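Undergrad: Below are the sequence and a predicted model for it; my questions follow.
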Amino acid sequence: MLAGARQPESLENLRETAPDVRLTPVRLDVTSEEDVRAASDLGRVDILINNAESRVYGSVLHVPMTELQHEIDVNYFGALLMARAFAPAMVAHGDGLIVNVASILRKLVCLRLATIAR
């Protein structure tokens, strides 16, 4: 099992929690094409779970654009980049599953979380 994180050392507690699972921590920033490509080159992946998330708090009128752009880069383009990297191999071997995990907050109107409010 591959487990990706921007800081792979943060995944060490997973090894302790599930010592019988063969876990390979991978440096993976979903906004980095290089990281995503390196992860997809590690071998066959049958199930991809996209659960990276960035959340900006505040009004879109006041939050710096760089923070809003980062949130969209992670939450939207990151999931898209991962799918584009892993799906071709899944299609080639005729099997695979991609799960995109999104926040329940997308179903609520939260003015302080303006970029995900409807």
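TA: Sure, I can see it.

Undergrad: can you confirm Glu67 is in a helix?
TA: Yes: counting by DSSP: H, G, I helix; E, B strand; the rest coil, one finds Glu67 located in a helix.

Undergrad: wait, doesn't it sit right on Arg55?
TA: No: using Cβ atoms under 8 Å, Glu67 is not in contact with Arg55; the gap is 10.0 Å. The C-beta positions use only the backbone N, C-alpha and C, and glycine is treated the same way.

Undergrad: What are the buried residues along stretch 56-73?
TA: 56, 68, 71 (16 or more other Cβ atoms under 10 Å).

Undergrad: For it, list the C-alpha coordinates in PDB.
TA: The C-alpha trace of stretch 56-73 is given here as PDB (Å, rounded to 0.1, in the frame of the first residue of the first chain):
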ATOM      1  CA  VAL A  56      -9.200  28.700   3.400                       C
ATOM      2  CA  TYR A  57     -11.100  30.500   6.200                       C
ATOM      3  CA  GLY A  58     -12.600  33.900   5.500                       C
ATOM      4  CA  SER A  59     -14.500  35.900   3.000                       C
ATOM      5  CA  VAL A  60     -13.400  35.700  -0.600                       C
ATOM      6  CA  LEU A  61     -13.400  39.500  -0.400                       C
ATOM      7  CA  HIS A  62     -10.600  39.500   2.100                       C
ATOM      8  CA  VAL A  63      -8.600  36.300   1.800                       C
ATOM      9  CA  PRO A  64      -5.400  36.800  -0.400                       C
ATOM     10  CA  MET A  65      -5.800  35.400  -3.900                       C
ATOM     11  CA  THR A  66      -2.700  33.200  -3.400                       C
ATOM     12  CA  GLU A  67      -4.500  31.300  -0.600                       C
ATOM     13  CA  LEU A  68      -7.700  30.900  -2.700                       C
ATOM     14  CA  GLN A  69      -5.600  29.700  -5.600                       C
ATOM     15  CA  HIS A  70      -3.800  27.200  -3.400                       C
ATOM     16  CA  GLU A  71      -7.100  25.800  -2.200                       C
ATOM     17  CA  ILE A  72      -8.300  25.300  -5.700                       C
ATOM     18  CA  ASP A  73      -5.000  23.800  -6.800                       C
END
